[in-house]
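Student: just a sequence and a predicted model for now, questions to come.
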Amino acid sequence: MTAPLLMFHDLADYYDGFLAEKDYRGEAQYLERIVRRYGRSGGNAWLDVGCGTGRHLAHLRRSFEVVGVDASSQMLRVARRRLPGVRLVRGDMRSFRLRERFDVVSCLFGAIGHVSPEREVRAALANFARHLRPGGVALVEPWIDPSDFRPGFVHLMTGEDRGVQLVRLSYSTCRGNHTVIRSHYLVGRPRAGVQHLQETDDSGLLLSHDRIEQLLERAGLRPRFLARGLSTGRGLFLGVKPA
Amino acid sequence: MTSRLRLYRDLAKYYDAIYEWKNYPAEVRRLEQIARRYGRSGGTSWLDVACGTGKHLELLRRRHDCMGVDESPEMLRLASRRLPGLRLVRGDMRSFCLHRGFDVVSCLFSAVGHLTTEHDLRRAFENFSRHLRPGGVAIVEPWIAPSNFHAGHVDVRTYESPKATLVRCAYSRRHGNLSIIHYSYLVGVPGRGIGFFEETDRGLMVAPHRLQKLMRGAGLVPRVLSHGFTSDRGLLVGVKEAER
């Protein structure tokens, strides 16, 4: 299992409230364009690994046959409410096994960054490759590039979900090539009170772009980096499985 | 001491950031209008009780001869930086003694709400009255009336600057006419880390007619202005009777 972070477990019901501003529809449209351009497998089966509450899938399912995988049962419970009829499977990105093969395997929003050390990242990428058809394409939105990482950075997220006020304040440092993110949460529920939660996530692995491309290659995928990625501004890695 | 809130002590340096939404120029314009309209003492001296970091005084001093009183040394330190040359005195609003009268005594932003009994409130009003010249005017921004208070309410305020990110989450409860507000603070400082603080602020909620009665008992002719600075709180004006 990857790190059991509060956001994906105890606070899973509020995850979307924290990310109300994220443009999932615009991201899905962009990803579809990339797939049309680089995919060579001809089908429309899409697997989203680390699908979370299913907000990308909600858009992708209009044009694709979609399946989602996530390590958190709480996130999947939210996704199931959103995506009736869509197959959603609990699994670890390094080890899940599905019978079918896909034209696209996506792993977005830095989800890969919760996997470490490097050999585990390699295992995850190999697993993505295993689930691709020849000519299919893996789309990996990376965690932070080491040269972009600013230690000592404070990041505030706020949100609101059905009257519940949400705050996350996080502080990033690094230890070796791992990011260490200390997060404090305030969850304010009317007529109930304010809850304070905190955690430290030291699972994030800082991998250079070159290294990620090497790992994709080693997983049997032809790598390419697109500087224009999604809303994180971290770009997007492609790995095309040779026909 | 009326209040030992951390907001006035170790968190004092964040006070102005937390209340950055407050429109001090508009408040001061209104205060001066009220003083002109109700004051009959003819002078320009102004005492601000619970002056805090001095943001009202900073504007009032342009047209008035000002002094400030506050019980928190941390707040007074910030005020003295803002107000060079202005006399600032540490004191409790119920008992400070300056041995002189003023044309206006103000006590704003519900500072009187930190008092938790009517007896203390009466003492504060009597002390304001004692520091007014005949015909002078007390302007008090009261704490919320019991009928306007919403228990079970969550209020989140955030402030972001390159130096610090602040979050304050307030949760309100009540016990009879006592408001109980639980504050959770997160303070994130780049390069330093995040601090979490909490505290509970208790305040006495007094209905407008009771406030007027207390003012009258302190020798002030009271008047309630329903439109004040902070929603639902109004303003209380008391004119000191001429000597009999």
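Tutor: Here it is on my side, so go on.
Student: please enumerate the strands of the chain.
Tutor: In the absence of a named chain, this looks at chain A. In chain A, the strands defined using DSSP state E lie at A:45-49, A:65-70, A:87-90, A:102-107, A:132-140, A:153-161, A:164-175, A:178-189, A:193-205, A:222-226, A:236-240.
Student: you looked at the wrong chain, it should be chain B
Tutor: Applying DSSP E to chain B gives strands spanning B:45-49, B:65-70, B:87-90, B:102-107, B:132-140, B:154-160, B:165-175, B:178-189, B:193-204, B:220-225, B:235-240.
Student: those strands: which one's closest to A:Pro117?
Tutor: Of all the strands of chain B, the one in closest proximity to A:Pro117, counting by CB to CB, is strand B:193-204 (25.9 Å). Any C-beta I mention is one placed from the backbone N, CA and C, and that applies to glycine too.
Student: that closest one vs strand A:153-161, what angle?
Tutor: 50 degrees (axes from the mean of the first three to the mean of the last three CA atoms, to 10 degrees).
Student: give the pairing partners of strand B:193-204; include direction for each.
Tutor: Strand pairing for strand B:193-204, determined by DSSP bridges: strand B:178-189 (antiparallel).
Student: from the chain's centre, how far out does the partner strand sit?
Tutor: Offset of strand B:178-189 from its chain centre (CA atoms, centre = their mean, to the nearest Å): 18 Å.
Student: tilt between that strand and strand A:164-175?
Tutor: Here strand B:178-189 runs at an angle of 30 degrees relative to strand A:164-175 (the same axes, to 10 degrees).
Student: report the contact partners of the residue of chain A most remote from its centre.
Tutor: Going by CA atoms, centre = their mean, the residue of chain A most distant from its centre is A:Arg191, 34.2 Å out. Residues near A:Arg191 by CB atoms under 8 Å, 6 or more residues apart in numbering or on different chains: B:Gly152.
Student: one more time with 10 Å
Tutor: Neighbouring residues of A:Arg191 by CB atoms under 10 Å, 6 or more residues apart in numbering or on different chains: A:Gly163, B:Ala151, B:Gly152, B:His153, B:Val154, B:Tyr171, B:Arg173.
Student: quick one: which of the residues you listed has the most company?
Tutor: Among the contacts of A:Arg191, the one with the most neighbours (other CB atoms under 10 Å in any protein chain shown) is B:Tyr171, at 24 neighbours.
Student: so B:Gly228 makes contact with B:Asn148?
Tutor: No. Look at B:Gly228 against B:Asn148 with CB atoms under 10 Å: they stay out of range, at 11.6 Å.
Student: can you give me how far stretch B:109-122 is from the chain middle?
Tutor: With CA atoms, centre = their mean as the basis, stretch B:109-122 stands 10 Å off its chain's centre.
Student: scratch that, stretch A:146-166
Tutor: That offset, for stretch A:146-166, works out to 16 Å (CA atoms, centre = their mean).
Student: what is the end-to-end distance of that stretch?
Tutor: Stretch A:146-166 has an end-to-end distance of 30 Å (criterion: CA to CA, to the nearest Å).
Student: that one - what's its average pLDDT?
Tutor: Averaging pLDDT along stretch A:146-166 yields 94.
Student: right, and B:Leu236 touches B:Gly228 too?
Tutor: Yes. At 8.7 Å, B:Leu236 and B:Gly228 qualify as touching, with contact defined as CB under 10 Å.
Student: what touches both of these two?
Tutor: With CB under 10 Å, 6+ apart, B:Leu236 and B:Gly228 have common neighbours B:Ile139, B:Val140, B:Glu141, B:Pro142.
Student: so the residue nearest to B:Leu78 when sequence neighbours are not counted versus B:Leu7, what's the distance?
Tutor: Of all residues not flanking B:Leu78 in the chain, B:Thr53 sits nearest, at 4.3 Å (CB to CB, 6 or more residues apart in numbering or on different chains). Noted for B:Thr53: a distance of 11 Å to B:Leu7, by CB to CB, to the nearest Å.
Student: the more surrounded of these two?
Tutor: More crowded of B:Thr53 and B:Leu7, by other CB under 10 Å: B:Thr53, with 26 against 22.
Student: doesn't B:Lys22 make contact with the more buried one?
Tutor: No. In this structure, B:Thr53 is not within contact of B:Lys22 by CB under 10 Å, at 11.1 Å.
Student: what residues are shared contacts of those two?
Tutor: Each of B:Asp16 lies in contact with both B:Thr53 and B:Lys22 under the rule CB under 10 Å, 6+ apart.
Student: how does chain A divide into domains?
Tutor: Domain ranges of chain A: A:6-145+A:207-240, A:147-205, per automatic domain parsing.
Student: just name the most buried of the ones you listed.
Tutor: Highest mean neighbour count of the domains of chain A: domain A:6-145+A:207-240, a mean of 19 (counted as mean count of other CB atoms under 10 Å in any protein chain shown).
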